[in-house]
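predicted model and sequence below, questions to follow.
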Amino acid sequence: MRDRAELVIIGGGIVGLSLAYQLARMGMTDVVVLEQGYLCFGASGRNGGGVRQQWSTEENILLAKQSVRMFRQLSREIGHNIWFRQGGYLFLARNAETAAALEKTVKLQNRMGVGTRIISPAAAARLVAGLHTEGIEACSYNSSDGVLFPWPAVWGMASVARQLGVQINTHTRVTGIDVKGREVVKVVTDRGAVATRRVVNAAGAWSWQIARMAGVELPNKPYRHEILVTEPLKPFLEPMLSDLSNGMYFSQTMRGEILGGISDPDEPSSMETGSSFRFLARMCSSMIRLLPRLSRVKILRQWAGYYDETPDGQPILGRVEPLDGFIQLNGFGGHGFMLAPAIGKIAAEWILRKVDHRIFHTYALSRFKHGETRKENFVIG
Amino acid sequence: MGRTIVCRCEDVTVEDLNQAFSEGYRDLESLKRYTGFSTGFCQGKCCTAHAARFLSALKGGDDTVADPIRTRPLLHPTPASHFARAVELLDEESK
Ligand SMILES: Cc1cc2nc3c(=O)[nH]c(=O)nc-3n(C[C@H](O)[C@H](O)[C@H](O)COP(=O)(O)OP(=O)(O)OC[C@H]3O[C@@H](n4cnc5c(N)ncnc54)[C@H](O)[C@@H]3O)c2cc1C
């Protein structure tokens, strides 16, 4: 392992790797990535691969829009097929209040050049054969949202970054960060130390632990989120479906499987990734209510990962007081995969070329102290 | 030469494992995700032992590398309706 580097990235998930990948492409390769497990160990290897531009804040819409453009090129760029399929996203509202909220966010999206439409339940049933529309008030639909297979995106970004000279150390756990005055000087791992002046905390649900090593308190909390996959079926389901009444979502992957999860308001914050029967029952029941024809489909496998959640559902990005050179890229909740291409690009330009961006202000850690938070209301799962 | 299949569900061959190994993926969890073995209909019941054996051979007979991967439920593919019915039990539990 290199014993010094211009920049150390803690966390080999999609966020850390996207940054490493973009930095390397811009010519900065004196970079070390430290990952405690294998690549895909964290949320980036456990998520639903959903990519949508239907958000309720300007920043998320901008980031998602840019990321969709980048995902369309990514397979070619990284030499790994990410199986990105733009079958759209269909949100379903079951009461007037949610329907009104949908209408408002759609207006914002339209103003920002995202072509989401409010459609009737009958129109939704034309998009999804067999959709049980009883009790559905309104839907929003965007045909350029989509799904992808997360693993190859992780492999591909890692492999290009490596080829360009970035060192990615898996099975290497960060145990400490040495700080002198206002400066970071060293990252300590169970396999040796790396001297550096700049450290990026892209440790997902573990970010609060990493921050604490440098004496910084983050408000992030980890929550388990479960997910399941069925046997593969002939392609029949174009859009991702998401029921806003209970935060259930599912889509059909390019491998033919139905893949999805559901929110659980009773889930406590924990570092637990076991699978539960409760999830299976709630997910299957909610899925069948929406699409009864799935009732006989066989469930193959279930697993869980973490959402790295902040109080306002928005990430924490950029500098933290009083440390120079300790950069946060974390707190992505249930949507870090889809934003990662844009985040990596914007952060690389900021680090390497000092190009400022509004997200480093809106999403700075200091917002919690100054009370300037705006909640993202559209967090699912 | 014929192809040797390690995982029939996902059509993973010995060559695929060799390729992944040569790209630096040298633990079973990474190999599983890089090649896709153990993610098909049999849930790894048919292929995981083969893959572990090949990995151990590639590592010069070191059988400590072949730690079992984390197995995931379900044991058998089961229709969604079976679980959906159980949701009523959960409701009663929480009352
Ligand atoms: C069930 C589920 C479904 C989801 N669905 C979607 C979806 O449809 N669309 C979407 O965009 N997002 C989704 N997400 C969220 C998405 O997966 C995450 O936001 C994203 O993967 C976060 O990436 P990351 O790189 O920040 O974190 P991670 O992928 O978790 O990476 C952080 C890495 O840091 C490493 N690390 C931690 N501590 C240390 C240490 N001490 N030393 C070294 N390394 C360390 C971890 O091992 C981990 O690999 C979902 C998440 C879950 C759990």
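Here it is on my side, so go on. Numbers count the residues shown, from 1 in each chain, chains lettered A, B, ... in the order given.

give me the pLDDT for the residue in the stretch 51-200 of chain A positioned nearest to the ligand.
Nearest to the ligand in the stretch 51-200 of chain A, going by CB to the nearest ligand atom, is residue A:174, at a distance of 3.6 Å. Every C-beta, even on glycine, is put in place using the N, C-alpha and C of the backbone. In this prediction, residue A:174 carries a pLDDT score of 98.

surely it and residue A:210 touch.
Yes - assessed by CB atoms under 8 Å, residue A:174 is found in contact with residue A:210 at 6.4 Å.

what touches both of the two?
A:10, A:203 (CB atoms under 8 Å, 6 or more residues apart in numbering or on different chains).

the longest helix along chain B near chain A at all?
The helix that spans the most residues within chain B, counting by DSSP state H, is helix B:48-58. No - judged by CB under 8 Å from any CB of the partner chain, helix B:48-58 stays clear of chain A, getting no closer than 13.1 Å.

send the alpha carbons of that helix over as PDB?
Only the C-alpha atoms of helix B:48-58 are listed here, as PDB (Å, rounded to 0.1, in the frame of the first residue of the first chain):
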ATOM      1  CA  THR B  48     -20.800 -22.200  -4.600                       C
ATOM      2  CA  ALA B  49     -18.800 -25.300  -3.700                       C
ATOM      3  CA  HIS B  50     -17.400 -25.500  -7.200                       C
ATOM      4  CA  ALA B  51     -16.400 -21.900  -7.200                       C
ATOM      5  CA  ALA B  52     -14.800 -22.200  -3.800                       C
ATOM      6  CA  ARG B  53     -12.800 -25.200  -5.000                       C
ATOM      7  CA  PHE B  54     -11.600 -23.300  -8.100                       C
ATOM      8  CA  LEU B  55     -10.600 -20.300  -6.100                       C
ATOM      9  CA  SER B  56      -8.700 -22.400  -3.600                       C
ATOM     10  CA  ALA B  57      -6.900 -24.100  -6.500                       C
ATOM     11  CA  LEU B  58      -6.100 -20.700  -8.100                       C
END
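
next structured bit after that helix?
strand B:78-79 (DSSP states H and E).

strand partners (parallel or antiparallel) of that following strand?
According to DSSP bridges, strand B:78-79 forms sheet pairs with strand A:298-309 (antiparallel).

centre of the chain to the partner strand, how far?
14 Å (CA atoms, centre = their mean, to the nearest Å).

re earlier: list the buried residues for the longest helix of chain B?
Buried residues in helix B:48-58, counting neighbours by 16 or more other CB atoms under 10 Å in any protein chain shown, are found at B:48, B:50, B:51, B:52, B:54, B:55, B:56, B:58.

do stretch A:245-258 and chain B meet?
No - Stretch A:245-258 does not reach chain B (CB under 8 Å from any CB); its nearest approach is 8.8 Å.

can that stretch be found next to the ligand?
No - counting by CB under 6 Å from any ligand atom, the ligand has no neighbours in stretch A:245-258; the shortest distance is 7.4 Å.

export only the CA atoms of that stretch, formatted as CSV.
In CSV, the C-alpha atoms belonging to stretch A:245-258 read as follows (Å, rounded to 0.1, in the frame of the first residue of the first chain):
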residue,chain,number,x,y,z
SER,A,245,-48.8,5.5,0.4
ASN,A,246,-46.3,3.1,1.9
GLY,A,247,-43.0,3.7,0.1
MET,A,248,-43.1,0.5,-1.9
TYR,A,249,-41.3,0.3,-5.2
PHE,A,250,-40.4,-2.4,-7.7
SER,A,251,-39.1,-2.7,-11.3
GLN,A,252,-38.1,-5.3,-13.7
THR,A,253,-34.3,-5.6,-14.2
MET,A,254,-32.7,-6.4,-17.5
ARG,A,255,-32.2,-9.9,-16.2
GLY,A,256,-36.0,-10.2,-16.0
GLU,A,257,-36.2,-10.2,-12.2
ILE,A,258,-38.7,-8.1,-10.2
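
for that stretch, buried residues please.
Neighbour-count burial for stretch A:245-258 [16+ other CB under 10 Å]: A:246, A:247, A:248, A:249, A:250, A:251, A:252, A:253, A:254, A:257, A:258.

can you get me a residue count around residue B:28?
Counted with other CB atoms under 10 Å in any protein chain shown, the neighbours of residue B:28 add up to 22.

so which residues make contact with the helix or strand of chain A at the bottom of the mean pLDDT ranking?
Ranked by mean pLDDT, DSSP states H and E, the helix or strand of chain A with the weakest confidence is helix A:367-370, at a mean of 90. Contact partners of helix A:367-370, identified using CB under 8 Å, 6+ apart, comprise A:219, A:311, A:312, A:373.

got it, and stretch A:95-103?
A:56, A:91, A:93, A:118, A:137, A:138, A:139, A:140, A:244, A:245, A:377.

hmm, which two among those are most spread apart?
The distance between the two most remote of these (CB to CB) is 18.0 Å, for A:56 and A:137.

helices along chain A, start to end?
With helices called from DSSP H, chain A shows them at A:14-25, A:58-78, A:96-111, A:121-127, A:150-163, A:207-213, A:277-290, A:336-353, A:359-362, A:367-370.

out of those, nearest to residue B:21?
The nearest among the helices of chain A, by CB to CB, is helix A:150-163 at 13.9 Å.

packing partners for that closest one?
helix A:14-25, helix A:58-78, strand A:167-169, helix B:28-35 (3 or more CB pairs under 8 Å, 6 or more residues apart in numbering or on different chains; DSSP states H and E).

for residue A:22, what are its contacts?
Contacts of residue A:22 (CB under 8 Å, 6+ apart): A:344, A:345, A:347, A:348, A:349.

in a markdown table: these, plus pLDDT, distance to residue B:85 and neighbour count.
Below are the contacts of residue A:22 laid out as a markdown table (pLDDT from 0 to 100; distance: CB to CB, whole Å; neighbours: other CB atoms under 10 Å in any protein chain shown):
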| residue | pLDDT | distance to residue B:85 | neighbour count |
| --- | --- | --- | --- |
| A:344 | 98 | 44 | 26 |
| A:345 | 98 | 47 | 22 |
| A:347 | 98 | 47 | 25 |
| A:348 | 98 | 50 | 21 |
| A:349 | 98 | 53 | 16 |
